[in-house]
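Next come a sequence and a model predicted from it.
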There are 4 protein chains.
Amino acid sequence: MSSDLNYLKEVELKNPIAVAGLPGIALVGKLSIDYLIEELDAEKFGELESDKFPGWAIRENGLVRDLKIYFYHAKIKGFDRDIVLLTGDAQASSSQGQYELSYEILEALSGEGVETLITMAAFLESDGKESSVVGAATDLETAEKIKENDVGLLNSGRIVGMNGLLVSLGVENDMNGFCLLGTTESKDTDPEAAKNVLSRFSEIYDLSLDLSNFDEKAPDLPKFKPPEIKMPSVSGGEKDISYIR
Amino acid sequence: MSSDLNYLKEVELKNPIAVAGLPGIALVGKLSIDYLIEELDAEKFGELESDKFPGWAIRENGLVRDLKIYFYHAKIKGFDRDIVLLTGDAQASSSQGQYELSYEILEALSGEGVETLITMAAFLESDGKESSVVGAATDLETAEKIKENDVGLLNSGRIVGMNGLLVSLGVENDMNGFCLLGTTESKDTDPEAAKNVLSRFSEIYDLSLDLSNFDEKAPDLPKFKPPEIKMPSVSGGEKDISYIR
Amino acid sequence: MSSDLNYLKEVELKNPIAVAGLPGIALVGKLSIDYLIEELDAEKFGELESDKFPGWAIRENGLVRDLKIYFYHAKIKGFDRDIVLLTGDAQASSSQGQYELSYEILEALSGEGVETLITMAAFLESDGKESSVVGAATDLETAEKIKENDVGLLNSGRIVGMNGLLVSLGVENDMNGFCLLGTTESKDTDPEAAKNVLSRFSEIYDLSLDLSNFDEKAPDLPKFKPPEIKMPSVSGGEKDISYIR
Amino acid sequence: MSSDLNYLKEVELKNPIAVAGLPGIALVGKLSIDYLIEELDAEKFGELESDKFPGWAIRENGLVRDLKIYFYHAKIKGFDRDIVLLTGDAQASSSQGQYELSYEILEALSGEGVETLITMAAFLESDGKESSVVGAATDLETAEKIKENDVGLLNSGRIVGMNGLLVSLGVENDMNGFCLLGTTESKDTDPEAAKNVLSRFSEIYDLSLDLSNFDEKAPDLPKFKPPEIKMPSVSGGEKDISYIR
């Protein structure tokens, strides 16, 4: 087995956009997607297993299970496109694995008719932030659109990991899209940065997402207390104290 | 060659459960299985070679040999299921290798009719321990069963390495099971933690394992003085002083 | 997909030589090629995508895009051979990836009729430099030729990464060639070292390259302010502060 | 291409033994084989290229070339078996690559009729050494034989890298053999340890190797001043100052 996409149910999606956030810095992307799943009462329709993940098992409420990428289906009132929400337990453990897992995800999304892909992640900034949310897009038109909605455009540098790869490689699958990156000073969980990202996402698509619940819901969401999953690094260097081998 | 399972003899197993412990923190898993092999007079029936192992050869009593996974067959008086004991010289050297080697082991176990898989390993805890043995299971019923036998259920976090992967990936092979993790403060050999794990294992299955021999036998078992095998890390960073290249 | 070479247009090349410089120490190779592309008004005719690259996306003027190797076509007045200029966003992320990507590049160059391959890179020297440009060639005749043009021949050591591999592996594709290495004390961008390399290249082939523009053009070239791309290391250890995941 | 064995000439070998020493700690193995090649006027008959090597090119007297494994043919007066001498520019860069390259070498040796394989390497020891040469063998009979010749048998631990793998994996190709390890306190070149290893090798096979030339020849051999090749580590962490990318 390399990777294995398991459909839990059939979905028929209308002109869907996909919104993805995998675990990364400050868990901004994962928190954002977890909130959307909860708030929009999204329905899980697919799970992707892979040997590209780090060699971990997840402990969750006394159960042990393998790492997965999750595909959810959601609708937003007043928004005429279906939404695929995508998150997971970890990113792939090597550079090449990140490419391979990204291609598999993109193929699955493409098969569902997705032509627009947004990723949510963090932008680590030690000094004062100019913009609470920054980003970059696959094309000038989309870049202009997010800029109009107060997203600071990034002019240089790189986006490390699958939250960048998914958007950049999506172009090969005829997808356009953009990365929304919440600036954060912290490497730990940063719900505020996630909220900023969600707020900007809502404005860009005129979604009127009600984020008044966010602060209240955040600490109660089980997934907001993630099982100490840290961004896998190529060198596997992690500083987790309570671990098991 | 990728991996190569060599059957030393044919076995016919009655409703077997598998108990595995690969080298890891404090060697808890390996010590536990080595003791069971000795105490139950288990018979080796299979060896698995693999290029997924770290690039080492083992020195043992003047001999040099390659790394292997070992399959043993054992019976326990009064227990009506056959037991497969599984241990090895090392875990795979990369994340992807750990997945691949785990799949190969699971396929072999599945071929022997194994539907229940238990792994033994360590839980590293710097502060005082609440429970001497903690764990997690593949399903609620099994989790309940181990909890009733004084195993502290783990609610979050991850199990790193193949002792976690084997159980979590076993689900795909229709196996249920659980991880028994002996809490330890040390990264060196911890026979006490292994004894705790074995004791809990005995209680869960009503095996009346006689562990009175444990303290006595432990220092004499050749395998209890392991050849400084440390858990391979993805980055290969090891601090072994007396090594050879 | 492993790698994918996309031809943007057909080119017909006359007895071509290839000059390559991928990102590395002090960006000497990349700066040299970027300058030649600009100065010679070179035309891009091919792009190579690959899953051997590090798991990054590039941010550039508000856009996000994947990493690529670029093939350009140039002519120099008075020089009767066509020139293929080759650069890229990064080197491959692992040793094996560097071999594989090098083979793919060499196959493409070979398909264009290239029989001579020059790479430009840096030579890190902490103490005073004997020679501002050092190098090594695939054969004695070529070594003699670069030595006559004030290139200090390297007698031992190794050239790490694809700027060395391309030349050494090119021999298998019946290419001869050499590495021109600008000595530098710095690990950051070193335009002066790039200028030295270009100057020696010009002398070797009697090209009369006008480098009087170099100092002036360097700071204005967008590619001279590279997006903090650092040489990927096998262990992935990078100390980049403003990054995103 | 994965690996590619190129025969430079046909050889017909009589009951051959192979003696291998790849670059490793203190270069003991490589020095030993380089000396034998020189002293026995051995003839190179094969070269193995591989993408499993680290991503380097070798600089040698103004030339650049790729990394290789070298097969030489030698005879020793009074010894009725032909000798294959094997060395190379580096070991493979990853654990899995070390297995794969070892298998390829073993297949080639097996094809030449080799049934006995000796590797020479270093044993790093910080405290006083009990034995100047230690070792381990594939079988009890061979272990006894080297022990009788003053080789201290190693009872536990591991041999890291291909100098161990070649012997341990050779068993699958029906080869017996042993590792001869010269104890060294240093990680740099240790000709004295190499001389000890050669001396013991000579005694084991009653070869009457004349090592009186060793001290004299060692500093003059070009290969005794190796191009700063260090043992590749999985993490790629090297501390080489004068390198090039």
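Thanks, I have the structure now.

the helices in chain A, which residues?
A:28-39, A:95-111, A:140-148, A:162-170, A:191-204, A:214-217 (DSSP state H).

Pick the most buried one from those.
For the helices of chain A, the largest average neighbour count (mean count of other Cβ atoms under 10 Å in any protein chain shown) is found in helix A:162-170, namely a mean of 28. C-betas here are computed from N, CA, C, even on glycine.

how about the strands in chain A?
A:3-7, A:17-20, A:43-50, A:56-60, A:63-65, A:69-74, A:83-88, A:116-124, A:133-137, A:152-153, A:158-160, A:176-184 (DSSP state E).

between the ones you listed, which gets the lowest average pLDDT?
When those are compared on mean pLDDT, strand A:3-7 scores lowest, with a mean of 82.

pLDDT weak spots in chain A?
Along chain A, the model assigns pLDDT under 70 to residues A:1-3, A:127-129, A:219-245.

what about the residue lying closest to A:D174 once chain neighbours are set aside, how many neighbours?
In space, A:D174 comes closest to A:E115 once its chain neighbours are excluded; the distance is 6.6 Å by Cβ to Cβ, 6 or more residues apart in numbering or on different chains. By the criterion of other Cβ atoms under 10 Å in any protein chain shown, A:E115 has 17 neighbours.

quick revisit: with mean neighbour count and distance to D:I204 as added columns, please give the strands of chain A in CSV.
Shown next, in CSV, are those (neighbours: other Cβ atoms under 10 Å in any protein chain shown; distance: least, Cβ to Cβ, whole Å):
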stretch, mean neighbour count, distance to D:I204
strand A:3-7, 14, 52
strand A:17-20, 26, 63
strand A:43-50, 18, 50
strand A:56-60, 24, 48
strand A:63-65, 22, 52
strand A:69-74, 22, 57
strand A:83-88, 24, 57
strand A:116-124, 28, 60
strand A:133-137, 27, 66
strand A:152-153, 18, 71
strand A:158-160, 28, 54
strand A:176-184, 27, 64
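
Now distance to C:P16 too, for these, in JSON lines please.
Converted to JSON lines, these look like this (distance: least, Cβ to Cβ, whole Å):
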{"stretch": "strand A:3-7", "distance to C:P16": "41"}
{"stretch": "strand A:17-20", "distance to C:P16": "43"}
{"stretch": "strand A:43-50", "distance to C:P16": "42"}
{"stretch": "strand A:56-60", "distance to C:P16": "50"}
{"stretch": "strand A:63-65", "distance to C:P16": "56"}
{"stretch": "strand A:69-74", "distance to C:P16": "45"}
{"stretch": "strand A:83-88", "distance to C:P16": "45"}
{"stretch": "strand A:116-124", "distance to C:P16": "39"}
{"stretch": "strand A:133-137", "distance to C:P16": "36"}
{"stretch": "strand A:152-153", "distance to C:P16": "39"}
{"stretch": "strand A:158-160", "distance to C:P16": "32"}
{"stretch": "strand A:176-184", "distance to C:P16": "36"}
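
can I get those strands in CSV with distance to chain C?
Conversion of the strands of chain A to CSV gives the following (distance: least, Cβ to the nearest Cβ, whole Å):
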stretch, distance to chain C
strand A:3-7, 14
strand A:17-20, 13
strand A:43-50, 14
strand A:56-60, 18
strand A:63-65, 24
strand A:69-74, 15
strand A:83-88, 13
strand A:116-124, 5
strand A:133-137, 4
strand A:152-153, 3
strand A:158-160, 4
strand A:176-184, 5
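
out of these, which comes closest to B:A92?
Among the strands of chain A, the nearest to B:A92 by Cβ to Cβ is strand A:56-60 (13.4 Å).

helices or strands next to that closest one in the packing?
Counting contacts by 3 or more Cβ pairs under 8 Å, 6 or more residues apart in numbering or on different chains; DSSP states H and E, strand A:56-60 packs against strand A:63-65, strand B:158-160, helix B:162-170.

Among those, which comes closest to D:N176?
helix B:162-170 (31.6 Å).

The closest one vs strand B:176-184, what angle?
160 degrees (axes from the mean of the first three to the mean of the last three Cα atoms, to 10 degrees).

Say whether chain A is contacted by helix B:162-170.
Yes - using Cβ under 8 Å from any Cβ of the partner chain, helix B:162-170 reaches chain A at B:M162, B:N163, B:G164, B:L165, B:V167, B:S168, B:L169.

measure the first one to chain C for me?
Distance, B:M162 to chain C, by Cβ to the nearest Cβ, to the nearest Å: 22 Å.

so what's that residue up against?
Contacts for B:M162 were tallied using Cβ atoms under 8 Å, 6 or more residues apart in numbering or on different chains; they are A:G55, B:L22, B:Q91, B:A92, B:Q98, B:L101, B:S102.
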